[in-house]
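> okay, predicted coordinates and the sequence, questions at the end:
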Amino acid sequence: MIMKFFKSSLKSLVFISIFFLSGLANATDIAEVTIDKIRATASDSCHSGRQYRIAYSHSVSEVAIVKQVRRFADLRAKSLGCVKVLHDNTQSNNLEQQINAIQGWITLGVDAIVVLPIEPTALQPLKRRAQAKGIKWLTYLGQMEGSDGFVGFNHAQSGQIVAQAAVDWVKKNRISHPKALVTSLTPLPSLSPRWTEVVRIFEKNNIKIVTLQDAADQTTGLRVAETVLQQHPDLDIIIGMTDDAAVGALRALKLTRTNPSKVFIGGQDGSLEGLSAVKKGGAYRASAAILINELGANIVDLALNAIRGKKPSFAYTPTVLASKYDQDLLQQLLNNYSR
C-alpha cells in the first residue's frame, strides 16, 4: 500500500510527509475514534432524502489494493443508498491527471473531495476553490493544513503490532541474544513510527538490531536481507516497513538457504502477497494489516460527516495482526481481495 504510493515520485512525497506532520498535533484524540462511532454518525445520512456525491482521488489508481479500497467505498455508498462515489483515473503519481480530475469535480459541484495529494502546494488553490463553493476537502493518508477531514491509518500502531509479534515469538522459542534486521524509509519521516516503534520495543526486550536500512520494495528488501544474512547467518528476525520489503526478504532467505523455521519475518500493510505468505506458513509469520474494507467505508462515512458538519471527520482505520494463530481473521483479510 505505502510502497506503491511513493515509489514513482519520491521527491514530491518527501515534501508531502513533512507537510502532513504539521497537522497531526491532535493525533492522540484521532486515535481514540472508533469504527463504530464513525458508522453510527454517518448511518442516518440518507434520512433527509438528500443525495450526495463524494469524489475520491488516489495517486496510483492502477494498484490492486487501491482498486479494492475503491470497491469497498462503492459498497458502503450502495448500502447507504443516497451516495455516489466518483473515481478518477490518476496513475503513477501523475499530477496533471489529478489536477484535471479535481477541477472537473469542482465544476460539477460534488459534495466532498477525498484526495491523496501528489503535490500539496499545487492542490492548495484547488482546495480553496472547492471550499469556497461549499465542497468539503478531505485528505487520504494524512492531514493537510486547512482540510475538513482525513482518512488515514496509524503507523505507530502498525510498528507496535508487528514488533510485539516478533517479541512473543522470541519468548515462545526461548531464543537467547536475538538479532534483528529492520527496514526503514528515512526520506519519509511521517512513516517513521513503522520502524521507530519496532526499534523501541526491540530495545526494551533486549533484541539486538544488527542493522537498520532503507528498504520498502521487494527488490531492495531482497538485496538488503541477502547481504545481512551473509554477514549474520544467525539472524533471527526480519521486520519490513512494508510487506513488499518483507516479501523480498523471504526470497533472500531461500537464496541463502537459511532455515525458515529459525527466522521470524514480519511485514506491514496486509498486502495480498504478504497475507498469502503468512497463510502458507514458514518464516513469514505476521503482517500488521490495514482493514481495507473499513478503509473504503471510511472514505464515504468521514466525507458524509464532514458534509453534514458532524464529528468525526478525522480518523484512523485500524490495523490488526495477521498471523496463522487467527485463521478466521487471516481468511477475512484475504477475502478482502476477492470480488
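Thanks, I have it.

> specify the residue ranges that define each domain of the protein.
What automatic domain parsing lists as the domains of the chain is 2-153+291-317, 155-290.

> need the winner for burial among the ones you listed.
domain 155-290 (a mean of 21; mean count of other CB atoms under 10 Å). All C-beta spots, glycine's among them, are computed from the backbone N, C-alpha and C.

> for stretch 136-151, the distance to its chain's centre please.
Centroid displacement of stretch 136-151 relative to its chain, using CA atoms, centre = their mean, to the nearest Å, is 15 Å.

> can you give me the end-to-end span of that stretch?
13 Å (CA to CA, to the nearest Å).

> can you give me the mean pLDDT across that stretch?
Averaged across stretch 136-151, the pLDDT comes to 89.

> got the phi/psi numbers for residue 223?
Note on residue 223: its backbone torsions stand at phi -60, psi -50 [degrees, to the nearest 10].

> what residues are up against it?
When contacts are counted by CB atoms under 8 Å, 6 or more residues apart in numbering, residue 223 touches 215, 248, 252.

> closest to residue 326 out of the domains of the chain?
domain 155-290 (10.3 Å; CB to CB).

> what distance separates the start and the end of the closest one?
Note: domain 155-290 ends 10 Å apart using CA to CA.

> partner residues bridging residue 181?
For residue 181, the beta-bridge partners are residue 211, residue 238 (DSSP bridges).

> who are the contact partners of it?
With CB under 8 Å, 6+ apart as the criterion, the residues that contact residue 181 are 209-211, 213, 224-225, 228, 232, 235, 237-239, 249.

> do you know which of the domains of the chain lies nearest residue 324?
Closest to residue 324 of those, according to CB to CB: domain 155-290, at 6.3 Å.

> helix, strand or coil for residue 257?
Look at residue 257: counting by DSSP: H, G, I helix; E, B strand; the rest coil, its state is coil.

> quick one: residue 222 is in a strand?
No: Residue 222 is assigned helix when assessed by three-state DSSP, not a strand.

> quick check: nearest residue in space to it, chain neighbours excluded?
residue 248 (3.8 Å; CB to CB, 6 or more residues apart in numbering).

> ok, residue 64 touching residue 337?
Yes: Residue 64 lies in contact with residue 337 (CB atoms under 8 Å); the separation is 7.4 Å.

> local confidence estimate at the residue nearest to residue 282 when sequence neighbours are not counted?
Closest residue to residue 282 apart from its sequence neighbours, by CB to CB, 6+ apart: residue 260 at 4.4 Å. Per-residue pLDDT puts residue 260 at 93.

> now do residue 260 against residue 93, distance only.
36 Å (CB to CB, to the nearest Å).

> the helices in the stretch 101-250 of the chain, which residues?
120-132, 155-172, 193-204, 218-231, 243-255 (DSSP state H, counting those that start in this stretch).

> what does the first one contact?
The one in question is helix 120-132. 15-16, 19, 95, 98-99, 102-103, 105-106, 113, 115, 117, 136-137, 144, 146-148.

> same question for the second one.
Taking CB under 8 Å, 6+ apart as the criterion, the residues outside helix 155-172 that touch it are 31, 178, 180, 190-198, 200-202, 205, 207, 236-237, 239, 264, 266-269, 285-288, 290, 316, 318-321, 323.

> got the angle for that helix vs helix 243-255?
Orientation check (axes from the mean of the first three to the mean of the last three CA atoms, to 10 degrees): helix 155-172 against helix 243-255 gives 30 degrees.
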